[in-house]
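S.K.: sequence and computational prediction follow.
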Amino acid sequence: MKQQNFISKQQCLGLFQLLLILMLPGLQRATGQTYKMYHKAASSINPLYFSVKDLAFNPSLEGIVIGGELRYQTTSNQAYGYTFETGLDGYESRNQSIIVNTTNGRDAFNFGGVALDANNKTYICGSYASDLNNPNAMTEKTISGLDVDGKLMWAKMEGSHHFGDITYDRDDNALIAIGSPDGVWTASQPLSIVKIGTDGALMRYKTIYDPVYSNSVKVVDLPSNQGYLICAVFDTMGLKAPYIIHLDQGLRTIWSFVYSDFLQEFDVQDMAYHEDGYIAVVGNSYDPITEDTDAFLMSLDMSGNFRFMRKYQVDRQGQTEHYGVAAFSHSVDSTLKGFLISGAFEPAQGTAMKHAIVFQTDLEGTPEWSHDYSNLPGQDFEEIEEAKRIIFLNGKDMFAVAGEYTRYLQGQQARKFIWSAKASIRKGQLVDDGLCSSPVKINYLSDTLGIYKAGQDSTIGSLTNFSYGFTDVGFHSQACSYDFNDHSDRATNLENLRSQTPDAMEVFDLSGRKITNTTNLDVSQLKDLQRGLYLLRYFKQGTFLYSEKVVLP
């Protein structure tokens with residue numbers, strides 16, 4: 001009979017500490033190339049409330065630009081738009097500006113989107129409103145150009161409504177912005193598309209009329225003069241549906257479709273284009289009969305034909321939500337391509353209200369890996385962390401994600417930071433001893449949609465010159481820590497958790513698959529695992545303590 005060799009608890013922990021300093025050859029390149037950082041305005045005191053609305057990549061300067069809004073009070077209608085750029089190490093670099101309106105009596109900026117051109121200049125779209133909390137408040141659509149140092153070059157305004165997104169067209173060295181109403185659903189409302197030069201000169205203007213309310217979501221520039229993709233919300237009597245439009249370079253409609261089963265409501269959040277000729281749309285669906293809410297990924301081909309609808313939930317957890325999507329293709333491995341999705345989910349246990357999630361699918365929507373990217377200490381109450389936007393860093397085989405962390409005290413919002421992270425597309429894990437990510441399991445199901453064509457085109461509208469003031473603001477960045485006042489150290493909290501003796505352990509491989517559960521740290525079965533990198537999560541009486549990565553040689 002084969003003799004069994006058991007490893008004691010002390011031997012096992014000692015072995016793990018030794019293995020932590022070893023790296024497999026294939027993993028050495030990733031060392032130090034991933035991060036997760038939390039950001040706040042360095043010159044301001046809490047409470048500050050940041051939101052993330054858009055994300056862009058600056059390949060020439062290797063920077064990640066985050067755009068959103070800053071409020072000093074959650075109930076105030078006063079808001080500022082900001083652009084904030086970090087390097088690939090997560091620390092702030094340039095374009096640290098807060099946009100402050102100084103004309104027309106408007107005191108609130110509603111941020112829509114951000115884009116970068118080939119000369120590293122930044123372009124912002126959105127709107128000004130007298131009261132962001134009042135959907136009937138008058139708004140003014142705006143597009144602005146910022147120089148490489150973040151200073152205002154020009155700004156354009158059009159009366160009423162809101163610009164929801166902007167992109168840079170490399171073929172024509174131009175900008176494409178999409179706008180729509182942001183008030184109540186009263187009557188037929190147009191979806192507007194504007195093409196302007198990088199100097200702010202109007203090139204083309206188009207509106208699309210439908211007997212419904214259309215809310216702009218995303219505009220994507222297609223390569224090789226293939227035109228543009230527009231994503232909007234098509235709304236008939238409160239029944240929202242994804243609305244996808246393909247325009248040529250002259251803003252002429254090639255095809256436009258609305259996708260709906262006429263039963264569920266679809267809250268569309270983001271869209272991406274894959275170079276293999278596929279379109280991905282993400283958001284959340286609501287069934288008014290069952291009152292179920294599911295995150296969805298819908299895919300079309302470039303002829304506007306429906307491919308599939310997938311709905312996702314984090315396994316055995318609460319509600320799952322989708323906010324962002326990006327398409328990717330590995331630079332060397334031609335089999336590694338698909339979609340990256342960011343969002344949040346409600347944990348079934350614990351005090352946190354939401355955890356940030358990122359997961360990867362193939363081109364057919366089948367999940368490949370998924371990770372909880374939250375850094376929740378486990379002792380704080382009423383916390384929310386959401387992954388709002390995600391982009392693929394082309395040529396680097398990595399992705400960047402930006403989101404929001406919110407802490408509540410006694411039901412009141414106490415502070416809200418922004419955060420950014422970067423990781424490999426192959427496995428999605430952050431190289432940080434597991435403190436900022438852990439695997440989770442995704443379940444998905446298929447669904448179908450009905451399809452019908454919509455849209456009537458016309459050409460109207462104009463843009464006028466506009467000006468506003470701005471202020472430079474520095475950001476303070478801190479790796480994987482929530483405490484920006486430095487009176488409670490994350491490392492100290494971690495050591496307090498590590499000082500507790502665990503009584504159970506979970507073992508995961510890098511795909512996020514759970515290998516085994518062990519109790520009383522009986523890890524003798526680990527000797528049969530293949531060589532590689534594994535994530536270990538420790539518990540005591542069912543409460544998560546900490547995690548660490550080990551390499552089995």
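M.R.: Cool, got the structure.

S.K.: from the chain's centre, how far out does stretch 162-179 sit?
M.R.: 20 Å (C-alpha atoms, centre = their mean, to the nearest Å).

S.K.: measure that stretch end to end?
M.R.: For stretch 162-179, the first-to-last residue distance is 5 Å (C-alpha to C-alpha, to the nearest Å).

S.K.: where along the stretch 301-450 of the chain do the strands fall?
M.R.: 306-314, 320-329, 337-345, 355-361, 367-372, 383-393, 398-409, 412-424, 438-439, 442-447, 450-453 (DSSP state E, counting those that start in this stretch).

S.K.: ranking these by mean pLDDT, which is last?
M.R.: Least confident of these, judged by mean pLDDT, is strand 450-453 with a mean of 54.

S.K.: spatially, what comes nearest to the residue nearest the centre of the chain if we skip its sequence neighbours?
M.R.: By C-alpha atoms, centre = their mean, the mean C-alpha position of the chain lies nearest to Arg389, the distance being 1.8 Å. With sequence-adjacent residues excluded and distances taken as C-beta to C-beta, 6 or more residues apart in numbering, Arg389 is closest to Leu55, at 3.9 Å. C-beta here means a position set from N, CA and C on the backbone, and glycine is covered the same way.

S.K.: and Gly90, by the same measure?
M.R.: Gly90's closest residue in space is Met37 (C-beta to C-beta, 6+ apart), at 3.6 Å.

S.K.: dump the residue contacts of that neighbour.
M.R.: 86, 90-91, 419-421, 477-480 (C-beta atoms under 8 Å, 6 or more residues apart in numbering).

S.K.: which members of those occur in strands, if any?
M.R.: Using DSSP state E to define strands, the subset of the contacts of Met37 located there is 86, 419-421, 477-479.

S.K.: who wins for proximity to Met505 among the strands of the stretch 301-450 of the chain?
M.R.: Across the strands of the stretch 301-450 of the chain, Met505 has its closest neighbour in strand 438-439 (13.0 Å, C-beta to C-beta).

S.K.: strand partners of that closest one, parallel vs antiparallel please.
M.R.: strand 367-372 (antiparallel) (DSSP bridges).

S.K.: nearest residue to Trp331 in space, please, no chain neighbours.
M.R.: Residue 331: Ser, not Trp. Asp397 is the one closest to Ser331 (C-beta to C-beta, 6+ apart), at 5.6 Å.

S.K.: got the confidence number for the one you found?
M.R.: For Asp397, pLDDT reads 91.

S.K.: please report how far Ala387 lies from Val268.
M.R.: 17 Å (C-beta to C-beta, to the nearest Å).

S.K.: compare these two (neighbour count), which wins?
M.R.: When Ala387 and Val268 are compared for neighbours, Ala387 comes out ahead with 29 against 26, by other C-beta atoms under 10 Å.

S.K.: wait, what's in contact with the closest residue to the more buried one other than its chain neighbours?
M.R.: Spatially, and ignoring its direct neighbours in sequence, Ala387 is nearest to Ser342 (3.6 Å; C-beta to C-beta, 6+ apart). Listed by C-beta under 8 Å, 6+ apart, the contact set of Ser342 reads 322-325, 356-358, 387-390, 401, 403.

S.K.: what of His39?
M.R.: 50, 66, 84, 86, 92, 417-420, 475-477.

S.K.: tabulate those residues (CSV), appending neighbour count.
M.R.: Output for the contacts of His39, formatted as CSV (neighbours: other C-beta atoms under 10 Å):
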residue, neighbour count
Phe50, 23
Ile66, 27
Phe84, 30
Thr86, 25
Glu92, 19
Phe417, 22
Ile418, 24
Trp419, 31
Ser420, 22
Phe475, 21
His476, 16
Ser477, 20
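
S.K.: name the nearest of these relative to Leu229.
M.R.: Using C-beta to C-beta, these come closest to Leu229 at Ile66, 22.8 Å.

S.K.: my read is that closest one is in a strand, agree?
M.R.: Yes. Counting by DSSP: H, G, I helix; E, B strand; the rest coil, Ile66 is found in a strand.

S.K.: give me the pLDDT for it.
M.R.: Ile66 is assigned 94 on the pLDDT scale.

S.K.: again with the one 4 residues further on
M.R.: Looking at Leu70, its pLDDT reads 83.

S.K.: measure it to Lys206 for me?
M.R.: 33 Å.

S.K.: ok, those two, which is more surrounded?
M.R.: In terms of neighbours (other C-beta under 10 Å), Leu70 is the more surrounded of Leu70 and Lys206; the figures are 24 against 21.

S.K.: could you find the closest non-adjacent residue to that one?
M.R.: Nearest residue to Leu70, sequence neighbours excluded (C-beta to C-beta, 6+ apart): Tyr80, at 4.8 Å.

S.K.: got a list of what that neighbour touches?
M.R.: If you count contacts by C-beta under 8 Å, 6+ apart, then Tyr80 has 69-71, 98-100, 109 around it.

S.K.: so what angle separates the directions of the helix or strand harbouring the residue nearest to Gly90 and strand 355-361?
M.R.: Following DSSP states H and E, one finds Met37 within strand 35-41. Put simply, strand 35-41 runs at 140 degrees to strand 355-361, going by axes from the mean of the first three to the mean of the last three C-alpha atoms, to 10 degrees.

S.K.: who does strand 35-41 pair up with?
M.R.: Strand 35-41 pairs in its sheet with strand 412-424 (antiparallel), strand 475-479 (antiparallel), by DSSP bridges.

S.K.: how far off centre is the first one?
M.R.: Relative to its parent chain, strand 412-424 has a centroid offset of 11 Å by C-alpha atoms, centre = their mean.

S.K.: so that strand versus strand 398-409, what angle?
M.R.: Using the same axes, to 10 degrees: strand 412-424 against strand 398-409 is 160 degrees.

S.K.: just the buried ones from the contacts of Tyr80, in ChimeraX syntax?
M.R.: Buried residues within the contacts of Tyr80, by 16 or more other C-beta atoms under 10 Å, are selected in ChimeraX with:
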select :69,70,71,98,99,109
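
S.K.: can you redo the contacts of Tyr80 as a markdown table with secondary structure?
M.R.: Converted to a markdown table, these look like this (three-state DSSP):
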| residue | secondary structure |
| --- | --- |
| Glu69 | strand |
| Leu70 | strand |
| Arg71 | strand |
| Ile98 | strand |
| Ile99 | strand |
| Val100 | strand |
| Phe109 | strand |
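
S.K.: out of the contacts of Tyr80, who's nearest Asp261?
M.R.: Of those, the one sitting nearest to Asp261 (C-beta to C-beta) turns out to be Glu69, at 33.7 Å.

S.K.: pretty sure that closest one sits against Ile98.
M.R.: No. With contact defined as C-beta atoms under 8 Å, Glu69 does not count as touching Ile98 (9.8 Å).

S.K.: hey, what's in contact with both of these two?
M.R.: Between them, Glu69 and Ile98 share these contacting residues under C-beta under 8 Å, 6+ apart: 80-82.

S.K.: what sits closest to Pro190 if chain neighbours are left out?
M.R.: Once flanking residues are discounted, Pro190 sits nearest to Thr207: 4.1 Å by C-beta to C-beta, 6+ apart.
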